[in-house]
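[1] Okay, here's the prediction I keep looking at, along with the sequence it came from:
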Amino acid sequence: MKHLHQREIAPGYVIYEIDHPACKAKVARHGAHLMEWQPTGEDPVIYLSPDAVFHEGKAIRGGIPICWPWFGPHPTDSSKPAHGIARTRFWTFDDATESETGVRLFFSLEDDEATRELWPFPFRYELEIFVGSELEIRLTTCNRSEQPMPVSGAIHAYFATTDSRLAHVTGLYLKSPLHIDREVEAFFPTLEGAVLMEGNREVQVEQTGLSATMIWNPWIEKAASFQDLPDEDYLRFICIEPMIANPDAVIISPGGQYTISSTVKVSHR
Ligand SMILES: O=P(O)(O)OC[C@H]1O[C@@H](O)[C@H](O)[C@@H](O)[C@@H]1O
């Protein structure tokens with residue numbers, strides 16, 4: 001592979017670095033987590049916390065965590081990890097392909113004893129990440145059980161801002177754009193996708209298979225409570241999270257599968 005390199009940043013902790021004419025990017029096996037993406041000629045599009053912790057069992061702060069198969073606190077058992085099981089585990093790196101437009105990486109995750117304790121289903125997740133001048137993330141969930149399987153969650157992207165107070169989000173069926181001037185944690189039914197605007201840059205977030213979009217910024221107090229986030233960095237990102245809320249979980253029939261995806265495009269006015 002000419003444009004993809006594997007690097008161990010700590011013993012046993014592998015990341016994939018992409019250096020392609022169309023973009024630079026980094027993806028961790030941990031969570032099959034996109035850490036960075038910077039199309040050529042653009043400022044970084046994705047925020048990664050400088051204080052992020054990189055070890056299995058913990059989620060990486062920033063980048064694009066895959067929150068699956070539930071969103072936020074578990075719907076019936078608050079002792080289970082927030083945002084599901086996918087983002088904290090090491091996935092299998094299956095393959096990668098490269099072309100003139102970018103690099104595509106393929107990861108998978110299957111159930112084991114530990115996942116079945118938290119979520120009682122045999123499953124296979126397949127995650128495809130394409131990085132080029134655009135970004136695409138596509139997750140297919142295969143139900144390998146004999147039971148109907150409910151799935152919900154989010155493609156929880158942290159989008160970089162220079163100053164979140166000067167940015168706004170459109171496309172949410174609000175009368176006016178959403179500005180960040182306080183803690184924001186609200187989800188909206190989206191059909192066409194949200195757009196993050198700052199200065200003359202527009203970051204368009206499209207989605208399929210997902211029924212809503214969460215907008216989140218922790219603001220001052222909550223940011224200060226996170227050990228893996230510098231206090232001031234609530235200014236440096238706005239999360240736009242194509243999602244399925246837990247009460248709207250999609251039910252996958254035994255032997256069936258379901259695909260969600262999100263595509264990100266950058267343009268200038
Ligand atoms: O700290 P975590 O588990 O990564 O979650 C980050 C945030 O994720 C958002 O999606 C939630 O709406 C917030 O409530 C939550 O604080």
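    Nice, thanks for sending it over. Only a predicted model underlies this, so the values are computations on that prediction, with no experimental measurement involved. Numbers count the residues shown, from 1 in each chain.
[2] what sits against the spatially most central residue of the chain?
    By CA atoms, centre = their mean, the mean C-alpha position of the chain lies nearest to residue 64, the distance being 2.9 Å. Contacts for residue 64 (CB atoms under 8 Å, 6 or more residues apart in numbering) come out as 33, 34, 46, 137, 155, 156, 157, 158. Quick note: C-beta positions are derived from backbone N, CA and C, even for glycine.
[3] Now the two most distant members of those residues.
    Across the contacts of residue 64, the longest distance by CB to CB is 13.2 Å; it joins 137 and 158.
[4] Show me which residues of this structure sit near the ligand.
    Contact residues (CB under 6 Å from any ligand atom) of the chain with the ligand: 59, 72, 82, 83, 156, 185, 214, 216, 241.
[5] now do 8 Å
    For the chain, the contact set with the ligand under CB under 8 Å from any ligand atom comprises 59, 61, 65, 67, 71-72, 82-83, 87, 154, 156, 185, 214, 216, 218, 222, 226, 239, 241, 243.
[6] Help me confirm that residue 25 comes into contact with residue 18.
    Yes: between residue 25 and residue 18 there is a contact under CB atoms under 8 Å: 4.2 Å.
[7] joint contacts of the two?
    Residues touching both residue 25 and residue 18 by CB under 8 Å, 6+ apart: 103, 131.
[8] if we can go back for a sec, would you list the phi and psi of the residue nearest to the centre of the chain?
    When read as degrees, to the nearest 10, the backbone of residue 64 gives phi -130, psi 90.
[9] likewise residue 233?
    Dihedral angles for residue 233 - degrees, to the nearest 10 - are phi -80, psi 0.
[10] and it, what does it touch?
    47, 49, 50, 223.
[11] Check those for burial and list the buried ones.
    47, 49, 223 (16 or more other CB atoms under 10 Å).
[12] Redo those as a markdown table? Include distance to residue 250, pLDDT and secondary structure.
    Listed next are these as a markdown table, based on distance: CB to CB, whole Å; pLDDT from 0 to 100; DSSP: H, G, I helix; E, B strand; the rest coil:
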| residue | distance to residue 250 | pLDDT | secondary structure |
| --- | --- | --- | --- |
| 47 | 28 | 99 | coil |
| 49 | 30 | 98 | coil |
| 223 | 32 | 98 | helix |
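[13] coming back round to it: more crowded one of residue 137 and residue 158?
    Counted by other CB atoms under 10 Å, residue 137 and residue 158 do not tie: residue 158 has more neighbours, with 25 against 22.
[14] is it true that the more buried one touches residue 45?
    No: under the criterion of CB under 8 Å, residue 158 is not in contact with residue 45, lying 10.0 Å apart.
[15] Report how many residues lie close to residue 56.
    With other CB under 10 Å as criterion, residue 56 counts 12.
[16] Under a three-state scheme, what state does it occupy?
    When classified by DSSP: H, G, I helix; E, B strand; the rest coil, residue 56 comes out as coil.
[17] one step back: I'd like the contacts of residue 233 as TSV, with distance to residue 146 appended.
    Formatted as TSV, these follow (distance: CB to CB, whole Å):
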residue	distance to residue 146
47	42
49	41
50	46
223	44
